[in-house]
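Student: Sequence and predicted structure below; questions after.
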Amino acid sequence: MILVLVETSLEGEATEVSLEALTLARSLSTAGSDRPVDAVVVGQPPDELLATLGSYGVRRVHALTGEAFTSYAAAAWASGLLSVRHGAGSDTVMAAGTPRGNEVMAHVAARAGVAMAANVLRVEGLTPFVVTRQVVGGAALEEMRLADRLAVLTVAGHAVEPTPAADPGSAELVVETPEIADADLVARVVSTEAPEPDLSGDLTSARVVVGAGRGAGSADGFADLLELTDLLGASLGVSRVVTSLGWRPHHEQVGQTGSRISPDLYVPCGISGAIQHWAGCSSAKAILAINTDAEAPMVTRATYAVIGDLHEVVPAINAEIRRRRG
Amino acid sequence: MVDVLVCVKRVVDSSSEVVLTEDAQSVDGRFAGFTMSAHEECAVELTVQLTADAGTARVMTLGDADAVEQLRHALAVGCSDATHVVADANAFGPADVAREIAAVVHDHDTQLVLLGNDAADSGDFQVGIRLAYELGWPVVNGASTVSVADGTVTASGTGPDGHETYRVPLPAVVTVLEGGIEPRYPTVPGRMKAKRVPIEERQPTTEPTGPSRVRLLRPPPAPSVVQVLGEGADAAPAVVDVLEQLGVLSR
């Protein structure tokens, strides 16, 4: 049996990357292994979530409940997952390659004394269990063997297109309240402050992202970029140099040490396309690069390009959009 | 006062092209620059700040002889002591590395260990957590700020629902995510001083079981089909045509 940790939004919906992980799990299930896919969620799932998980081929949803799960504690989540795994006889445990997913799976692997593969792109084979995953910020791939009795892995964001099952069913709900040791609750979230509203939005799920790099010139050089972001209903994402210079906050950073995005359109303005940034945006379906350097990696890898200074090009685009909208 | 151990790793600078060795087991260092991970640079900075008034700031690495360069960098920006576990890092998996760090912790009465959230090369997210299980200590992952007062570590970072704070008792492990602090650059006097600091050299305590690597691969090159829409402001109408075609001007 394959066990998938499903993360949910504040509204109780399954995150898109969790649906991607479920899609990969189901592909393993149907690739000759004939193993059902079960999901683990934290808290009582709403009916809509159960329906979604059923449509993704989940046989059973294990809901972890109890005081131990009222605030996030990675060790408690891992303990709960292993408790479910023990009862259900799972030989594979996986999650989306999010900070939560990677953290909880690392706890699971450490507790079980087995290897873990982070940010898996695809599974090469089941016997032996060999996966391909991203390393060196996506500049290289690693084939890795998971030879232990339990395979633990996370799925890289947007490595898989989230696809409902061809023969959707209804997932059975199993509410579980596993006993959690006090030691597993020592490191738990004691307070959460809601983020300040800003134009970065949810970068990882944004349909359009306007990017800005060193070419913005200064912290004051974002006015036109922010207007374009607003006109497109987009999120703003920036390169590492922009956050390092203090022009924009770190949570807007796209790249190896920032968010990984997969919008329908990415509009990187004044971003050369260093490989660390490319690691975060290479999943964009289309890229429209604006840059003074026609040979910049971001330009040569783009779908569309405009050669020029963003401070001339972006205001002209904004004006053209406003003109067409009357 | 707190004695902090910060762990760094010599990793390939992936801003240049990555070339693999013939046996596809590692990156060919002859064609690469090396650095420490961005998260680790922030962990070093936090360590220096936490120990500015009292305590020790020990930096350690596991790697070949060249990894001394990363130790000297950490010393140059304010760490006071350094330990070098001399070994081929490619032969060590995450559990092996965690075991070697634990051995250093035991030998130096460390109360707090800071590591990068993940290494820029292996990207496996595990060493800090495996270390915590080795030591039986609590671990906070992905923190961007860390402070210590009255035997309690307060660490915070960004979670899916906002800015999250943890408070754990010492001793503890914290993995650091870039973004909460700006690492400083070494000064010339700092570099000179770092050259004179004696570095503790030690051998691994056990034979590594190794990573689970079969081989490394280069990702397939992205097809380049760039369509240049024009130059400067004159390209704006063509750009907006494309935005309309892609259906992103629906507002």
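Tutor: In hand now; what should we look at?
Student: Would you confirm that A:Val6 contacts A:Glu16?
Tutor: No - counting by CB atoms under 8 Å, A:Val6 stays clear of A:Glu16, with 11.2 Å between them. Yep, even glycine has a C-beta here, placed from its N, CA and C like the rest.
Student: What is the burial count for A:Ala112?
Tutor: 18 (other CB atoms under 10 Å in any protein chain shown).
Student: May I have the residues that are in contact with it?
Tutor: A:82, A:148, A:150, A:152 (CB atoms under 8 Å, 6 or more residues apart in numbering or on different chains).
Student: List the ones among the residues you listed that fall in strands.
Tutor: A:Val152 (DSSP state E).
Student: quick one: pLDDT of the residue in the stretch 51-200 of chain B that chain A sits nearest to?
Tutor: Chain A sits closest to B:Gly179 of the stretch 51-200 of chain B, with a gap of 3.2 Å, by CB to the nearest CB. In this model, B:Gly179 is scored at 82, pLDDT.
Student: which ones are touching it?
Tutor: For B:Gly179, counting by CB under 8 Å, 6+ apart, the contacting residues are A:243, A:250-251, A:253, A:257, B:42, B:144, B:158.
Student: Equivalent analysis for A:Val208, please.
Tutor: Here A:Val208 is in contact with A:232-235, A:263-267, B:248 (CB under 8 Å, 6+ apart).
Student: Of those, which is the most crowded?
Tutor: Going by other CB under 10 Å, A:Val267 tops the contacts of A:Val208 with 32 neighbours.
Student: in terms of contact, does it touch A:Asn291 like I think?
Tutor: No - using CB under 8 Å, A:Val267 is not in contact with A:Asn291; the gap is 11.1 Å.
Student: Who has more neighbours out of A:Val6 and A:Glu16?
Tutor: It is A:Val6, of A:Val6 and A:Glu16, that has more neighbours when counted by other CB under 10 Å, with 26 against 17.
Student: All the strands of the stretch 101-250 of chain A, residue numbers only.
Tutor: For the stretch 101-250 of chain A, the strands defined by DSSP state E, counting those that start in this stretch cover A:116-126, A:129-135, A:140-145, A:151-155, A:172-176, A:189-193, A:208-212, A:235-238.
Student: Compile these into JSON lines and extend it with columns for distance to B:Val174 and mean pLDDT.
Tutor: Below are the strands of the stretch 101-250 of chain A laid out as JSON lines (distance: least, CB to CB, whole Å; pLDDT from 0 to 100):
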{"stretch": "strand A:116-126", "distance to B:Val174": "19", "mean pLDDT": "94"}
{"stretch": "strand A:129-135", "distance to B:Val174": "24", "mean pLDDT": "94"}
{"stretch": "strand A:140-145", "distance to B:Val174": "27", "mean pLDDT": "94"}
{"stretch": "strand A:151-155", "distance to B:Val174": "21", "mean pLDDT": "96"}
{"stretch": "strand A:172-176", "distance to B:Val174": "30", "mean pLDDT": "97"}
{"stretch": "strand A:189-193", "distance to B:Val174": "14", "mean pLDDT": "95"}
{"stretch": "strand A:208-212", "distance to B:Val174": "31", "mean pLDDT": "94"}
{"stretch": "strand A:235-238", "distance to B:Val174": "26", "mean pLDDT": "93"}
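Student: Those: which one's closest to A:Asp309?
Tutor: For the strands of the stretch 101-250 of chain A, the distance to A:Asp309 is smallest for strand A:208-212, at 13.0 Å, taking CB to CB.
Student: Give the pairing partners of the closest one; include direction for each.
Tutor: When pairing is defined by DSSP bridges, strand A:208-212 lines up against strand A:235-238 (parallel), strand A:265-269 (parallel).
Student: Could I get the full set of helices for chain A?
Tutor: Secondary structure of chain A (DSSP state H): helices at A:16-28, A:47-55, A:74-88, A:99-112, A:223-231, A:240-244, A:275-281, A:297-300, A:310-324.
Student: As a markdown table, those with mean pLDDT would be great.
Tutor: A markdown table is the format used below for the helices of chain A (pLDDT from 0 to 100):
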| stretch | mean pLDDT |
| --- | --- |
| helix A:16-28 | 94 |
| helix A:47-55 | 97 |
| helix A:74-88 | 95 |
| helix A:99-112 | 97 |
| helix A:223-231 | 94 |
| helix A:240-244 | 88 |
| helix A:275-281 | 83 |
| helix A:297-300 | 91 |
| helix A:310-324 | 94 |
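Student: Quick one: closest of these to A:Val209.
Tutor: Of all those, helix A:275-281 comes closest under CB to CB, at 7.7 Å.
Student: tell me what the closest one is packed against?
Tutor: Under the contact definition 3 or more CB pairs under 8 Å, 6 or more residues apart in numbering or on different chains; DSSP states H and E, helix A:275-281 sits against helix A:297-300.
Student: other SSEs contacting the helix it packs on?
Tutor: Against helix A:297-300 (3+ CB pairs under 8 Å, 6+ apart) you get helix A:275-281, strand A:286-291.
Student: Can you give me the end-to-end span of stretch A:139-153?
Tutor: One end of stretch A:139-153 sits 20 Å from the other (CA to CA, to the nearest Å).
Student: now stretch B:23-38
Tutor: 28 Å.
Student: Give me the residues contacting that stretch.
Tutor: A:136, A:140, A:240, A:256-257, B:8-13, B:15-21, B:44, B:66, B:69-70, B:73-74, B:90, B:116, B:118-121, B:178, B:213, B:215-217.
Student: how many neighbours does the residue nearest to A:Val155 when sequence neighbours are not counted have?
Tutor: Spatial nearest neighbour of A:Val155, chain neighbours left out: A:Ala21 (4.4 Å); criterion: CB to CB, 6 or more residues apart in numbering or on different chains. The local packing of A:Ala21 (other CB under 10 Å) involves 34 other residues.
Student: mind listing what A:Arg240 touches?
Tutor: A:253, A:255, A:257-258, A:274, A:276-277, B:38.
Student: which of those residues has the most neighbours?
Tutor: Counting by other CB under 10 Å, top hit in the contacts of A:Arg240: A:His277 with 28 neighbours.
Student: Run through the residues that contact that residue.
Tutor: So A:His277 contacts A:213, A:239-240, A:254-256, A:271, A:298 (CB under 8 Å, 6+ apart).
Student: What residue in chain A comes nearest to chain B?
Tutor: Counting by CB to the nearest CB, chain A gets nearest to chain B through A:His250 (3.2 Å).
Student: ok, that residue touching B:Ile181?
Tutor: No - assessed by CB under 8 Å, A:His250 is found out of contact with B:Ile181, at 9.9 Å.
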